[in-house]
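Student: only geometry, no sequence info:
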């Protein structure tokens, strides 16, 4: 059984873009939810969606539980089982953690969209947005943020 | 060899959003294609794209074959092999199916976009849109639907 | 530590859509980055995002390393380990490579968005966009491309 709510419609003709630089400390999950929220606030975003895009091939973007940190520990374990080091990879010039990192990046993906309502992320109660670092050493990762929808400034422009 | 078709351009400045509540009966795939189609019709959508977003961390969204139900049975089997229960997870307070559900949700993802043409989903012939429930007991899942593009009402607004 | 850049805002009210036909030669990765770039150029795209959508259930879309071809070889190997042929699948009428292809398509996904800046794809240095063919025989695959944002022609329309 499924139930559809009432539909809310708006005029939307604004795009705001910024780049977010994230420094990771090696393999693990690094939350960027507060930074995305800050970007939306600074953009004057109201209703629409935000595209989150990671410009790398050995890290990924994940929306997952933000409560018990054990979940993230287990997610790292799970990915390590799916793409183990020293598994006879052809591409191994950059170290034993490199090819597994590419596999994990492919499985999780580097492109996400989250709806925005009244200027805030419409995440579920337990959802956080994470950059998942799959290399064992610290890296600087670039995330592009792009809001598409209605902005606080849009109306004025149309007046 | 690849071939690019002619390009079709439109003015698009409308966003319509709604929430879809889906009741699952436990682990498995639950099709929401008809509900998304209904949302597009009620929104007056014409050309653009629809964002489908699941607000949970132990279920996921999947576009897969809508013909032979055996495919969905095998997909559940495949996910169970990739993230088995009782595999030494640290996070196990919510039961043996909980951490595997988080892993499956991470791998499949919770955010999808599908192009919309003439008000209808531009899915392939064999594609259906599914909420994949990864917990063993029934759950109520919330899906956000957001159309961005041109609407039947848009032209009037521009007249 | 993370750092947010200055925000760049534009008016965006154009949508351009086209279909790309890709002929694969069997299992492997087939790059479509040049075709997507060509589509953006022909559309007069400036700032926004491009949605890339694959209308199939036994192939997928992947953004991955475009330098060392060994990476793609290893990605095919990795997917073969995650979803092996002859693993007791119920759905096997279309051959031993069919059900594994559905599993790989589910894990990688068929829907991607990439930001567009000044008319070009804002990919990372080492990122290429690929159709991943998971069937062993050649197939013709259809990819829908949809740019949403500001176009070279938009301003004139607003003059």
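Tutor: Arrived safely. From a predicted model like this one, the values you see are computed outputs, not experimental measurements.

Student: make it CA atoms for all contacts and neighbour counts henceforth
Tutor: Fine.

Student: how about the helices of chain A, start to end?
Tutor: A:33-43, A:69-82, A:98-108, A:154-158 (DSSP state H).

Student: give me the residue at the spatial middle of chain A.
Tutor: Centroid-nearest residue in chain A, with Cα atoms, centre = their mean: residue A:61, separated by 4.1 Å.

Student: identify the bridge partners of that one.
Tutor: residue A:131 (DSSP bridges).

Student: identify the residues contacting it.
Tutor: If you count contacts by Cα atoms under 8 Å, 6 or more residues apart in numbering or on different chains, residue A:61 has them with A:53, A:54, A:108, A:109, A:110, A:111, A:112, A:129, A:130, A:131, A:132.

Student: give me the number of neighbouring residues for the closest residue to residue A:22 other than its chain neighbours.
Tutor: Among residues not flanking residue A:22 along the chain, residue C:2 sits closest, at 4.4 Å (Cα to Cα, 6 or more residues apart in numbering or on different chains). Neighbour count of residue C:2, defined by other Cα atoms under 10 Å in any protein chain shown: 14.

Student: pretty sure residue C:2 is touching residue A:21, no?
Tutor: Yes: between residue C:2 and residue A:21 there is a contact at 5.2 Å, judged by Cα atoms under 8 Å.

Student: circling back: so what pLDDT did the residue nearest to the centre of chain A get?
Tutor: Looking at residue A:61, its pLDDT is 98.

Student: the one 10 residues further on too?
Tutor: In this prediction, residue A:71 carries a pLDDT score of 97.

Student: repeat that for the one 4 residues further on.
Tutor: According to the prediction, residue A:75 has pLDDT 98.

Student: that one and residue B:103 touch, don't they?
Tutor: Yes: counting by Cα under 8 Å, residue A:75 does reach residue B:103; the two are 6.1 Å apart.

Student: of these two, who's got more company?
Tutor: residue B:103 (28 against 24).

Student: now do stretch A:62-69: distance from first to last residue.
Tutor: 14 Å (Cα to Cα, to the nearest Å).

Student: what's next to it, contact-wise?
Tutor: With Cα under 8 Å, 6+ apart as the criterion, stretch A:62-69 contacts A:71-72, A:108-109, A:126-132, B:57, B:91, B:102, B:106, B:109-110.

Student: any stretches of chain A with poor pLDDT?
Tutor: Along chain A, the model assigns pLDDT under 70 to residues A:1, A:153-159.

Student: what does it put close to chain B?
Tutor: A:1-13, A:48, A:62-65, A:68, A:70-71, A:73-75, A:78, A:82, A:107-108, A:112-115, A:123-127, A:149 (Cα under 8 Å from any Cα of the partner chain).

Student: can you say which of these are buried?
Tutor: Neighbour-count burial (16 or more other Cα atoms under 10 Å in any protein chain shown) applied to these gives A:4, A:7, A:9-13, A:48, A:62-65, A:71, A:74-75, A:78, A:82, A:107-108, A:112-115, A:123-124, A:127, A:149.

Student: take those residues and keep only those in strands.
Tutor: A:4, A:9-11, A:48, A:62-65, A:112-115, A:127, A:149 (DSSP state E).

Student: which one of the residues you listed is nearest to chain C?
Tutor: If you rank those by distance to chain C using Cα to the nearest Cα, residue A:112 comes first, at 7.6 Å.

Student: ok, now which ones touch that closest one?
Tutor: A:51, A:52, A:53, A:61, B:111, C:113.

Student: so what sits opposite the second one in the bridge?
Tutor: For residue A:52, the residues forming beta bridges with it (DSSP bridges) are residue A:112, residue A:145.

Student: please tell me I have it right and it contacts residue A:113.
Tutor: Yes: Residue A:52 is within contact range of residue A:113, at 6.1 Å (criterion: Cα under 8 Å).

Student: hang on, the earlier thing: from the contacts of residue A:112, which is closest to residue A:145?
Tutor: Ranked by distance to residue A:145 (Cα to Cα), the contacts of residue A:112 are led by residue A:52 at 4.9 Å.

Student: how many residues are close by the closest one?
Tutor: Residue A:52 - counted by other Cα under 10 Å - has 23 other residues nearby.

Student: quick one: it from residue A:28, how far?
Tutor: For residue A:52, the distance to residue A:28 - Cα to Cα - is 19 Å.

Student: and residue A:70, what does it touch?
Tutor: B:90, B:91.

Student: against residue B:99, how distant is it?
Tutor: 10 Å.

Student: now swap in residue A:51 and tell me
Tutor: 27 Å.

Student: higher neighbour count, these two?
Tutor: The neighbour count for residue A:51 versus residue B:99, taken as other Cα under 10 Å, is higher for residue B:99 (30 against 20).

Student: now, among the contacts of residue A:61, which is nearest to chain C?
Tutor: Nearest to chain C among the contacts of residue A:61: residue A:111, at 6.0 Å, using Cα to the nearest Cα.

Student: nearest residue to the closest one other than its sequence neighbours?
Tutor: Here the residue nearest residue A:111, using Cα to Cα, 6+ apart, is residue A:53, at 4.7 Å.
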